[in-house]
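A.B. asks: Got a predicted model here, sequence first, then my questions.
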Amino acid sequence: MSQVRHGFGTHLSHLPHPSHSSRLAIPQIGCEDTAMPETPPAPTAEPSGWRSMVRAFRHRNFRLFFSGQCVSLVGTWVQGVAVSWLVYQLTGSALLLGLAGFAGQLPVFLLTPLAGVFIDRFSRHRLLLLTQTLAMIQALVLAGMTYSGHLNVWGLIALNAIAGTIAAVDIPTRQAFLVDMVGHGPDLPNAIALNSLTVHSSRILGPAIAGLLLVKVSPAFCFLVNGLSYIGVLAALLAMQLPKIVKPGRVNGRAHHELLEGVRYAWGFAPIRAILLLVVFANLTGASYAVLMPIFAQEVFHGGAHTLGYLMAVPGVGAMIAGIYLASRKSVLGAGIRIAAGAVVFGVALVVFSQSRWMPLSLLALVFVGFGMVTQMALSNTILQTLVDHDKRGRVMSLFTMSFMGMAPFGSMAAGALANKFGAPLAVSFGGLACIAGGVIFALQLPALRRVVLPIYREKGIVPEIASGLGNAANLTTPPED
């Protein structure tokens, strides 16, 4: 985290606005493609009351996307819990449990940055159709091999790696696709919050279903449920009406040059760099707690699959509360301090959970784990999407995905190794303390960050009340031109 401190030096106010940076001509395949304008037309009347919490539903494509995600993501959680349980039942090894998580998440670290180049090149809608179809095939193959008895732990790890490869393209594409559905205007933060609500609230129902199916049926049936759940999201994607727009024809450009250009853009702008570094740190140290849940379920709380289902589902309650809270907010004002607070809450809750041996207290701590984690990650996503240049959105969101999920394989391996040597509770405690430190360090940099971000929001008109205040201050302090 020392790099975060260096990123908020005294010269921040002289950093260029992202929109003033040199823009790259993104190569295209063909002259036409299905994509939405950056700001699709939306009703002019602003919703009030509870309708303001779901104002992104004014966009038909987002409503379809949201409904498809509600079905598919539950299946994803069902499969994730079943994979962890099956690995631990086959091996009884915390190290191999960490290795399985590592194999499923390493492709996100290795491939996601390059995937961002193609997300900026091609139709995000078509990419999602491809990735969701491949994910469905992977789940059905996993179900078939498990049911037939031909799957051993190494085959399971290999199929988990294939799922991670698909996710390396799918996850940042879904993030970047939000702006294609609702535009980059006032509905974007609400769409991000609602999408986060869907992603994380699905972990309430998904693990609970997984726990029931693991007891009543088998892991193979869990994998089948996930495979069939993709029908919902594929149907939603096919039902979308995306107008064709003319794009620039093919231009010369190499993928690795575009990748490096995106990395330089993100690293060279301090607010984006600082947020990505905090996300990296929190997910490297704290988010790996989930891979150790089978150990807590069986050895700490002396339970079985049902206990695992509860432990995996309860953070979703906190995540859903955070999603509702964030969806109710109409402004990004104060997002920075909430990002830092989310990291601290996440860390404190992890420490409490790791040291508790009383199930009610442990479950309550996990609620705050979900709340803190989603508050930090969703607001980080919002700030990035409101700051980033549109033509680099895919690459920045791929870096965010790599920071969010790409660190998980290393965190999983480290957590597995620590748990193998010192025990799962100590491993989770270490991650929690590290998250607390990261949140505090980030909070100390906020005054310098605001001096960079607020003028950008003034220029974009994202926070009108800040724009007006800064404008008045400028009139008072700036001498008239000759």
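C.D. replies: Cool, the structure landed. Numbering: from 1, shown residues only.
A.B. asks: The stretch 151-300 of the chain: strands as residue ranges?
C.D. replies: Secondary structure of the stretch 151-300 of the chain by DSSP state E, counting those that start in this stretch: the strands cover 244-246.
A.B. asks: so where's it uncertain?
C.D. replies: Along the stretch 151-300 of the chain, the model assigns pLDDT under 70 to residues 184-185, 200-201, 203, 243-253.
A.B. asks: what about the helices in it?
C.D. replies: 153-182, 187-216, 219-239, 255-268, 270-285, 293-295 (DSSP state H, counting those that start in this stretch).
A.B. asks: which outside residues touch the shortest one?
C.D. replies: So that's helix 293-295. Contact with helix 293-295 is made by 84-85, 88, 94, 97, 308, 311-312, 419, 424, as judged by C-beta atoms under 8 Å, 6 or more residues apart in numbering. Every C-beta, even on glycine, is put in place using the N, C-alpha and C of the backbone.
A.B. asks: where's the dip in pLDDT among these?
C.D. replies: By pLDDT, Ala94 ranks lowest within the contacts of helix 293-295, coming in at 72.
A.B. asks: Next, the contact list for that one, please.
C.D. replies: 292, 295, 416, 419-420, 424.
A.B. asks: okay if I get the contacts of helix 293-295 as a markdown table plus distance to Ala235 and secondary structure?
C.D. replies: Shown next, in a markdown table, are the contacts of helix 293-295 (distance: C-beta to C-beta, whole Å; DSSP: H, G, I helix; E, B strand; the rest coil):
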| residue | distance to Ala235 | secondary structure |
| --- | --- | --- |
| Ser84 | 29 | helix |
| Trp85 | 30 | helix |
| Tyr88 | 35 | helix |
| Ala94 | 40 | helix |
| Leu97 | 35 | helix |
| Leu308 | 31 | helix |
| Leu311 | 32 | helix |
| Met312 | 27 | helix |
| Ala419 | 41 | helix |
| Ala424 | 41 | helix |
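A.B. asks: In ChimeraX, how would I select the buried members of those residues?
C.D. replies: Buried residues among those (16 or more other C-beta atoms under 10 Å), as a ChimeraX selection:
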select :84,85,88,94,97,308,311,312,419,424
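A.B. asks: closest to Leu364 among the contacts of helix 293-295?
C.D. replies: Leu311 (12.4 Å; C-beta to C-beta).
A.B. asks: Excluding chain neighbours, what is closest to the closest one?
C.D. replies: Of all residues not flanking Leu311 in the chain, Met293 sits nearest, at 5.1 Å (C-beta to C-beta, 6 or more residues apart in numbering).
A.B. asks: Give me the distance between that neighbour and Ser412.
C.D. replies: 12 Å (C-beta to C-beta, to the nearest Å).
A.B. asks: my read: Phe346 touches Met377, true?
C.D. replies: No. Applying C-beta atoms under 8 Å as the test, Phe346 and Met377 come out as separate, 9.4 Å apart.
A.B. asks: more crowded one of the two?
C.D. replies: Set Phe346 next to Met377 and count neighbours by other C-beta atoms under 10 Å: Phe346 wins out with 30 against 26.
A.B. asks: quick one on the thing from earlier: gap between the residue nearest to Leu311 and Ala378?
C.D. replies: Counting by C-beta to C-beta, the gap from Met293 to Ala378 is 22 Å.
A.B. asks: can you give me phi and psi for Leu128?
C.D. replies: phi -70, psi -40 (degrees, to the nearest 10).
A.B. asks: what's the pLDDT at it?
C.D. replies: pLDDT, read off for Leu128, is 93.
A.B. asks: Isn't Gly439 up against Arg338?
C.D. replies: No. Gly439 is beyond contact range of Arg338, at 10.6 Å (criterion: C-beta under 8 Å).
A.B. asks: what about the two, which has more around it?
C.D. replies: Set Gly439 next to Arg338 and count neighbours by other C-beta under 10 Å: Gly439 wins out with 26 against 19.
A.B. asks: sorry, back to before: in terms of neighbours, single out the busier of Met293 and Ala378.
C.D. replies: The neighbour comparison of Met293 against Ala378 (other C-beta under 10 Å) goes to Ala378, with 29 against 26.
A.B. asks: which one is that one nearest to, not counting chain neighbours?
C.D. replies: For Ala378, the closest residue by C-beta to C-beta, 6+ apart turns out to be Ser196, at 4.0 Å.
A.B. asks: dump the residue contacts of that neighbour.
C.D. replies: 319, 322-323, 326, 374, 377-378, 381.
A.B. asks: Ser288 now?
C.D. replies: 101, 408, 411-412, 414-415, 431.
A.B. asks: And the nearest residue to it once chain neighbours are set aside, how far from Ala437?
C.D. replies: Leaving out its chain neighbours, the residue that sits closest to Ser288 by C-beta to C-beta, 6+ apart is Gly411, at 3.4 Å. As defined by C-beta to C-beta, Gly411 lies at a distance of 15 Å from Ala437.
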